[in-house]
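this is the structure alone, sequence omitted:
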C-alpha cells in the first residue's frame, strides 16, 4: 500500500472513528475506499496526486478481514475490488490486451469462470447454437428461404420515414402495457419514458440512437422520474443509399425487439432501481455485465411472454441475439490475436447480416472499449442461469415478478455477486 494512502487511511479513520465509535476499522476502511470511488476528483487531477490510485485502493480492500464485515458490506467490498481491477487492467494505447490481461479482466473484474481461451470456445459454441435456432425457425416460416433471406424481408417493413419517433413511442407504450399485463416486475415510482429526437454530438455517434436514464435529468415537478430514448431522426436531405440504409435498420422488427431492451423493462427500469439502491456504491457504480445483460435478457423475456406478434419478428430477435454472440467472439479475438479487424468485420457482414459500414462501426467500437460489449450476451446468459437456479430453489412460490424485483434491488454488479446476494436470503449455497 502506498505511504500516501496509508497516511490518508490513518487520518480519515481517526476522524471517522471519533464520529462513529461503533464502526470497526474494517468498515471504516471500506467506507473510505467507497468514498474514493463515488467522489470524482477535480477535472485534470491525476490519481497519483491524490494518493488514491487504483492499485493502492485495491491493496487496502484486500487487507480487510472479510469476517469483520456484514454480508452486504462484504458484497460491496468485493464489488469495489472488481471496479478497481477494471481500472488497472487496460490495453496499452493502440495495442491489444493480450492473453494474460484479458483473462484477468474476465476472472477478477467480471468474475466469470473463463479464461480467454475458454471464452473464445464458449462464444463460438453459443454462436453456432443460435444459428441452429435461426435455421430451424426459418424452416417453419418458409423452407425455401434461408434465415438471412427472411430477416432481410422483415427489414423491408418499417414505419413511415418521417414518423419514426412516433412509431418508437408507440412500441414503448406497448412494452409498458405488456410488462404490467404480464406482471413481470414492479414499477414502484411515478415514471415516464419518452422517445425524442437525438441531437448529434462531437465525435462518433451511434447510428441508431441511445438511451438516457432518469438519473440524467431532474424529476418532474410532481416527482415523476423521466427516462428518454434518443432516436436519430430520418433526414430527407440524405442521398438515396443513406435513406435506404436508415430505413432497413429501423424496421418494425428491430423496434419491437429493442424497446424492451432500452425501456420497459430494460435500462429504464434498471436505472430507476439503481437510483434507489440503499448502498452508496451500488447507487453510483454499475457494470455492463449486468446492465447490458439485463437489457438483452429483456429481449428474451418479452419473446418468452408473447410480446412479439409472429415468428418473423422472433427470427429478427434471434438475429439480434446472434449479433451479441458475435460481439463476444470478436472482443476476445481482437484482444488476444485470435482474430483480425477484417475477419471481425467479415463475421458481422457474412454471418450476422450487417451492412458493411455498420459492421465497421461495431468492430471499431469494440476495439475502443475492450471487454464492454461481452456484457450483453454473457450477462444475459448468467441471468438466465440465475433464474433457473432461483426457480428451482423457490419451487411453487417462484414468480417472474419476485425474481426480477429481487434481482433489480440487488444492484448492477458482476452476476456472480448478484447471484450470491440473491440466494443468500433463501439459504442458497
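Here it is on my side, so go on. Just so it is clear, the structure is predicted and the values come from calculations on it, not from any experiment.

assign residue 226 to helix, strand or coil.
Under DSSP: H, G, I helix; E, B strand; the rest coil, residue 226 falls in the strand class.

beta partners of it?
In this entry, residue 226 is beta-bridged to residue 192, by DSSP bridges.

which ones are touching it?
191, 192, 193, 194, 214, 217, 219, 220 (Cβ atoms under 8 Å, 6 or more residues apart in numbering). The way it works is simple: take the backbone N, C-alpha and C, and place the C-beta from them, glycine included.

doesn't the last one fall inside a helix?
No - secondary structure assignment places residue 220 outside any helix; it is coil (three-state DSSP).

give me phi/psi at it?
phi -70, psi 170 (degrees, to the nearest 10).

any idea how far the residue nearest to the spatial centre of the chain is from residue 426?
Ranked by distance to the mean C-alpha position of the chain (Cα atoms, centre = their mean), the top residue is residue 292 at 1.6 Å. From residue 292 across to residue 426, the span is 27 Å (Cβ to Cβ, to the nearest Å).

wait, residue 405 touches residue 186, no?
Yes - at 5.1 Å, residue 405 and residue 186 qualify as touching, with contact defined as Cβ atoms under 8 Å.

buried set for stretch 183-191?
Buried residues in stretch 183-191, counted by 16 or more other Cβ atoms under 10 Å: 184, 185, 186, 187, 191.

show me the contacts for the nearest residue to the fourth one once chain neighbours are set aside.
Counting by Cβ to Cβ, 6 or more residues apart in numbering, residue 269 is the residue found nearest to residue 187 once chain neighbours are left out, at 6.9 Å. When contacts are counted by Cβ under 8 Å, 6+ apart, residue 269 touches 185, 187, 408.

would you point out the most distant pair within the buried residues of stretch 183-191?
184 and 191 (15.2 Å; Cβ to Cβ).

how much space separates residue 383 from residue 33?
Distance from residue 383 to residue 33, by Cβ to Cβ: 28 Å.

er, residue 85 I mean
Separation of residue 85 from residue 33 (Cβ to Cβ) stands at 13 Å.

likewise for residue 293?
Relative to residue 33, and taking Cβ to Cβ, residue 293 is found at 26 Å.

what sits against residue 141?
Residue 141 neighbours (Cβ under 8 Å, 6+ apart): 150, 311, 312, 315.

wait, residue 78
Counting by Cβ under 8 Å, 6+ apart, residue 78 makes contact with residue 417.

what about it, helix or strand, and which?
Here residue 78, judged by DSSP states H and E, is contained in helix 71-88.

any weak-confidence spans in the stretch 51-200 of the chain?
Applying pLDDT under 70 to the stretch 51-200 of the chain picks out residues 51-52.

the helices in it, which residues?
Using DSSP state H, counting those that start in this stretch, the helices of the stretch 51-200 of the chain run over 54-62, 71-88, 99-104, 116-141, 147-154, 164-181.

now the longest one against helix 147-154, angle please.
Right, helix 116-141. On the basis of axes from the mean of the first three to the mean of the last three Cα atoms, to 10 degrees, helix 116-141 is oriented at 70 degrees to helix 147-154.

give me the distance between helix 116-141 and the centre of its chain.
21 Å (Cα atoms, centre = their mean, to the nearest Å).
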